[in-house]
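Asks: What follows is a predicted structure for the sequence shown.
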Amino acid sequence: MDTQHHTNAPRRGVLGLYIRLMDVLSCATAVLAGALLLVGVLAVCHMIFMRYMLGESTTWQTEFAIFAITGAMLLGAPYVLLTGGHVAVTVLPDALGGLARKLMNLVASLVGLAFCIALAYSAWLYVFEALHGGWTTGSVWNPPLWPALLPMAVGISLLSLQYVAEILRGET
């Protein structure tokens, strides 16, 4: 974790505990995201080996790699917010500085939080519909769809919670 990025974090009380907990969860999901990315890349390598070296057809590798790599991206999002790795255009806030900059960043964080909450709600509904409906991908492999959707719901939920932590940290 980038400790230089977070210097004003409350260190005591419930708010400090919440911020530290979210920082740990964001780092943990980043590790999981890295593992998913590695597994997705290995699936692609397996597919290439099977298809071009052995001349065999593949059934699960493409779909699995898409699910794993997309899951990695979604589960890594809270860590990206934590470390300030997101893309931002800061010309105006940097030019204004001071209170105006803090207010602009707070408004941007609140808008981001609202969007993430709405998306998290929809994502969880989608996961539960897929689970209870027994949805599958409809491909040759045809796995259940809900495990592929779960990283979206978990990742965007954790991103929402990390937004709250960043707002509470006061560095928005």
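Replies: Perfect, I can see it now. Residues are numbered from 1 along each chain as shown.

Asks: Where does the prediction get shaky in the chain?
Replies: Where the chain drops to pLDDT under 70, the residues are 1-11, 171-172.

Asks: thought residue 33 was touching residue 68?
Replies: No. Using Cβ atoms under 8 Å, residue 33 is not in contact with residue 68; the gap is 9.9 Å. C-beta coordinates here come from the backbone N, C-alpha and C atoms, glycine included.

Asks: which secondary structure elements does the host helix or strand of residue 26 contact?
Replies: Assigned by DSSP states H and E, residue 26 falls within helix 13-48. Applying 3 or more Cβ pairs under 8 Å, 6 or more residues apart in numbering; DSSP states H and E, one finds that helix 13-48 makes contact with helix 61-83, helix 146-169.

Asks: Make CSV from these and add distance to residue 102 to it.
Replies: Below are these laid out as CSV (distance: least, Cβ to Cβ, whole Å):
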stretch, distance to residue 102
helix 61-83, 17
helix 146-169, 11
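
Asks: Switch those over to a markdown table; also include mean neighbour count.
Replies: Formatted as a markdown table, the helices and strands packed on helix 13-48 follow (neighbours: other Cβ atoms under 10 Å):
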| stretch | mean neighbour count |
| --- | --- |
| helix 61-83 | 21 |
| helix 146-169 | 21 |
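
Asks: Give me the nearest residue to residue 161, chain neighbours excluded.
Replies: Nearest non-adjacent residue to residue 161, counting by Cβ to Cβ, 6 or more residues apart in numbering: residue 22, 5.5 Å away.

Asks: Could you measure from residue 92 over to residue 52?
Replies: Distance of residue 92 to residue 52, computed by Cβ to Cβ, to the nearest Å: 51 Å.

Asks: quick one on the thing from earlier: between the helices and strands packed on helix 13-48, which one is nearest to residue 16?
Replies: Closest approach to residue 16 among the helices and strands packed on helix 13-48 is made by helix 146-169 (9.0 Å; Cβ to Cβ).

Asks: Hey, what's the angle from that closest one to helix 13-48? Just curious.
Replies: Per axes from the mean of the first three to the mean of the last three Cα atoms, to 10 degrees, the angle that helix 146-169 makes with helix 13-48 is 150 degrees.
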